[in-house]
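Chemist: make a model of this:
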Amino acid sequence: RSDRMLGQTSAWLPAHAPAWVDGQRKHSLSVCKGGTADTQSDVKDARIQSVLQSLLRLTAPSESEALSATLDQAFPRGPDLRASTCILTELAKKGALDIALLVLAWLGRKKYKLDGYHFCAVIDACAKKSSWLKALQLFGGMAKSKVEANTVTLNAAISACEKAGEWMNAMQLLSVAAQSRVASDTISFSAAISACEKGGQWDKAVLLFDQMSRSMVQ
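Modeler: Down below sits the predicted model:
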C-alpha cells in the first residue's frame, strides 16, 4: 500500500507542487513585505526613493561608511517601521543582498527596534541570490537581536532553502520550528515538499505531505 501511495504521490508532486508552492510563496511574501497599499505608497515617497538610489549606487561591503552616512543624513532619528521595511524590501527586489545586509546591520547599530518584517525582507533577498546559508544564519540569529521567529520568517527561510534544493535544511527548519513552538502552515510544508522534490527525495516529500494532511494546517 505504501509503495502504491508513494508512486501516486510522486506522480502528483512534480506536476502540481511547483505551481502550488509558488502561489503559496507569493502570498507569504506579500505578508512578509507588508503587502498593503500603504507600504506600496511608501515606495513612491521622495525621500525613500532618494535613499534607495543612493544605496544602489554603492558597492558593498567596501562602502559601508558611505551607506551609514546616507542613512544618517536621511533618517537622523532613525526610520520608522514602514520606511525601513520598505527600503529592505525594495533592495531585496533589486537583488541587492549585500546592501540589504548592511542596512540591517546599520539598524542594529542604531539600536533600532528590529522585527520579523526586517529579517523576512533580507531573508527574501538571500533567496533571490541563492544564499540559503546566509538565510539560515539570519533566521538563527534573530534571537540575538531580540526578535522572535514567527511563521512568516520561518516560511521565508524555508523558501530560501527550497529555491536552492536544500531539502535537508528545509526539513530541519520544520523540526526546529516545532521544537521552538513556531507555528508551521501550508506554506511552510509546501516549500519543504518542493525542496524534497528538487532533491529527488520523494519518500520525504510523501512523509511531509502526509504530515501536513494529518496536521490539517491552514
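Chemist: distance of the residue nearest the centre of the chain relative to residue 58?
Modeler: Nearest to the mean C-alpha position of the chain, counting by C-alpha atoms, centre = their mean, stands residue 156 at 2.7 Å. Taking C-beta to C-beta, to the nearest Å as the measure, residue 156 falls 24 Å from residue 58. To be clear about C-beta, it is placed using only N, CA and C from the backbone, and glycine gets the same treatment.
Chemist: ok, back up a step: where's the residue nearest to the centre of the chain, which helix or strand?
Modeler: Using DSSP states H and E, residue 156 maps to helix 151-163.
Chemist: and the helix or strand where residue 102 lies, C-alpha only, in CSV?
Modeler: Following DSSP H and E, the helix or strand that holds residue 102 is helix 97-109. As requested, C-alpha coordinates have been extracted for helix 97-109 and formatted as CSV (Å, rounded to 0.1, in the frame of the first residue of the first chain):
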residue,chain,number,x,y,z
LEU,A,97,21.7,41.4,-0.8
ASP,A,98,25.0,42.9,0.3
ILE,A,99,23.4,46.3,0.7
ALA,A,100,20.4,44.9,2.5
LEU,A,101,22.6,43.2,5.0
LEU,A,102,24.5,46.4,5.6
VAL,A,103,21.2,48.3,6.1
LEU,A,104,20.1,45.6,8.6
ALA,A,105,23.4,46.0,10.4
TRP,A,106,23.1,49.8,10.5
LEU,A,107,19.6,49.5,12.0
GLY,A,108,21.1,47.2,14.7
ARG,A,109,24.0,49.6,15.5
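Chemist: chain center to it: distance?
Modeler: Its chain's C-alpha centre lies 15 Å from the corresponding centre of helix 97-109 when counted by C-alpha atoms, centre = their mean, to the nearest Å.
Chemist: helices or strands next to it in the packing?
Modeler: When contacts are defined as 3 or more C-beta pairs under 8 Å, 6 or more residues apart in numbering; DSSP states H and E, helix 97-109 sits against helix 46-56, helix 64-74, helix 81-93, helix 116-128.
Chemist: any low-confidence regions in the protein?
Modeler: Along the chain, the model assigns pLDDT under 70 to residues 1-44, 60-62, 216-218.
Chemist: next one: residue 153 from residue 51, what distance?
Modeler: Counting by C-beta to C-beta, the gap from residue 153 to residue 51 is 24 Å.
Chemist: ok, the two, which is more surrounded?
Modeler: For residue 153 against residue 51, the residue with the higher neighbour count under other C-beta atoms under 10 Å is residue 153, and the figures read 26 against 22.
Chemist: pretty sure that one is touching residue 143, no?
Modeler: No - the pair residue 153 / residue 143 is not scored as a contact, 11.4 Å apart, by C-beta atoms under 8 Å.
Chemist: and stretch 143-158, end to end?
Modeler: 18 Å (C-alpha to C-alpha, to the nearest Å).
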